[in-house]
Every structure is written in structure tokens, then in C-alpha cells.
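Engineer: sharing a model prediction with you, sequence too.
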Amino acid sequence: GAVVSQHPSRVICKSGTSVKIECRYLDFQATTMFWYRQFPKQSLMLMATSNEGSKATYEQGVEKDKFLINHASLTLSTLTVTSAHPEDSSFYICSAPHYGYTFGSGTRLTVV
Amino acid sequence: AQKITQTQPGMFVQEKEAVTLDCTYDTSDPSYGLFWYKQPSSGEMIFLIYQGSYDQQNATEGRYSLNFQKARKSANLVISASQLGDSAMYFCASPPTSYGKLTFGQGTILTVHP
């Protein structure tokens, strides 16, 4: 089956710094990647959809300048949380519409 | 389906018993699909089962089965012979279009007691 490798799995960063989260498709190519955010014991909320070779589509209420999404190739999509603050602490997970939907393993971001 | 509703924030079940997790959906499209995922404390999303709106029979995958009732717009997950490892959060989800973004229900936290 398809595999999406997501890194890092956990990251702790200082307030004001930026963090990059990568999702790589290991055995398939995808022009689309969905990025979700999840707070403890809550549902997954779609943040944005990355599209290879074009701008990402952001959901209403998601700050484009804060959550930078790049889909530079058919095998890599990245989410950069810029100028992170404690309220950005959350679980971030990517998903590609392939073999149904293939999810990365998620990234737990803690901003201190 | 445009909206997915899971009304059970938490469920408890005794080991080896069956449990049903509820999911209702709201859509006007004649063609849609419904997914169920398991999310253990590690956070990974584990695909369990899929039901297409045109499927004639309820989907089954090992101990997982779907009680799919189109008229009621419900797609309840049935887990038979619960195991301690089934303790996790469970999500019902559906895309508004084929391979579109998934919309998730609120989730149900299942706890299996020994």
C-alpha cells in the first residue's frame, strides 16, 4: 500500500521561531495533499489543501502567512508554522487522496 | 457527504463484547462514500472500513462491519469481540467529492474494559 512519511513526529520549539513539517510520498506521486490540525480529544480540522505546482487552498479562518504550505514536487509537501506561539501547539497530520486516503503519522508540535 | 455527526463523545465496552459507534451524515449527492478510521493515542490514522453509497451489501472487514442505513443516513460501525487494543478514538469521515477533502465527525473515544 501507499506510504506517507511525515517528519518530525515530535517537535518542541521556542515561541517566535518557525517549524517545518514534511510529508513525503514514498511509493506514489500525488498532486494534492490535505493538511489537518487536531487539538486533544477533538476532531481533525482541515487547514489547507496543497497542490503541486500551484498555490495552496486555505480553509476559512486559517492564516495563510502563518501556515505556509508548499508542494514543490509530486513526492513532497511541507507545512511551515511561522512565528509559532503557544496557541499553535497541536497535532498536525497530512493526508493524500491515494489508495482511499493515506495519512502521515502526524507531528506533535509544542511551542514553549 | 457534507456533514458528518457522531453523537457519542465516549463509549465503554467490556472485553469480548460487541459495540456500535454511531455516525450520521447529511448529503444531497446520490454518490458518496463513508470511511471509518481508528486513531490510537499515538495519533496515527488507521483505516478500518469503507462503504460506498451504491454498495448493495454492508461492508465488513474482519471484526469491523458497517450497519449502513441509507434511508436514515446512518453508517454505524460495529466492532465485534472487542479487544483491549480497540481502545482509541474513532472517526467517521466522508469527502464531498470523490478524492476530495475528508470531512470528519466529532469522534468517539472507545474504552474497552478487561
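Structural biologist: Received it, and whenever you're ready, just let me know what you need.

Engineer: tell me the residues on chain A that lie near chain B, please.
Structural biologist: Contact residues, chain A versus chain B (Cβ under 8 Å from any Cβ of the partner chain): A:32, A:34, A:38, A:41-46, A:49, A:91, A:93, A:95, A:97, A:100-101, A:103, A:105-106, A:108. All C-beta atoms are positioned from the backbone trio N, CA, C, and that covers glycine.

Engineer: please check these and keep the buried ones.
Structural biologist: In terms of neighbour count (16 or more other Cβ atoms under 10 Å in any protein chain shown), the buried residues within the residues of chain A next to chain B are A:32, A:34, A:38, A:43-44, A:46, A:49, A:91, A:93, A:95, A:97, A:100-101, A:103, A:105-106, A:108.

Engineer: and the strands in chain B?
Structural biologist: Assignment of strands within chain B using DSSP state E yields the ranges B:3-5, B:10-14, B:19-21, B:24-26, B:33-39, B:46-52, B:60-61, B:64-69, B:74-79, B:88-94, B:103-104, B:108-113.

Engineer: so which of those strands is the most packed in?
Structural biologist: When the strands of chain B are scored by mean count of other Cβ atoms under 10 Å in any protein chain shown, the highest mean neighbour count falls to strand B:88-94 (a mean of 24).

Engineer: can you tell if it touches chain A?
Structural biologist: Yes - Strand B:88-94 is in contact with chain A by Cβ under 8 Å from any Cβ, via B:Met89, B:Phe91.

Engineer: tell me the angle that strand makes with strand B:46-52.
Structural biologist: For strand B:88-94 against strand B:46-52, the angle by axes from the mean of the first three to the mean of the last three Cα atoms, to 10 degrees is 30 degrees.

Engineer: which strands or helices does strand B:88-94 pack on?
Structural biologist: Applying 3 or more Cβ pairs under 8 Å, 6 or more residues apart in numbering or on different chains; DSSP states H and E, one finds that strand B:88-94 makes contact with strand B:3-5, strand B:33-39, strand B:74-79, strand B:103-104, strand B:108-113.

Engineer: and it, what's its mean pLDDT?
Structural biologist: Computed over strand B:88-94, the mean pLDDT rounds to 97.

Engineer: same question, stretch A:67-77
Structural biologist: On average, stretch A:67-77 scores 91.

Engineer: of all the residues in that stretch, which ones are buried?
Structural biologist: So, applying 16+ other Cβ under 10 Å, buried residues of stretch A:67-77: A:Phe67, A:Leu68, A:Ile69, A:Asn70, A:His71, A:Thr75, A:Leu76, A:Ser77.

Engineer: among the residues you listed, which are in strands?
Structural biologist: A:Phe67, A:Leu68, A:Ile69, A:Asn70, A:His71, A:Leu76, A:Ser77.
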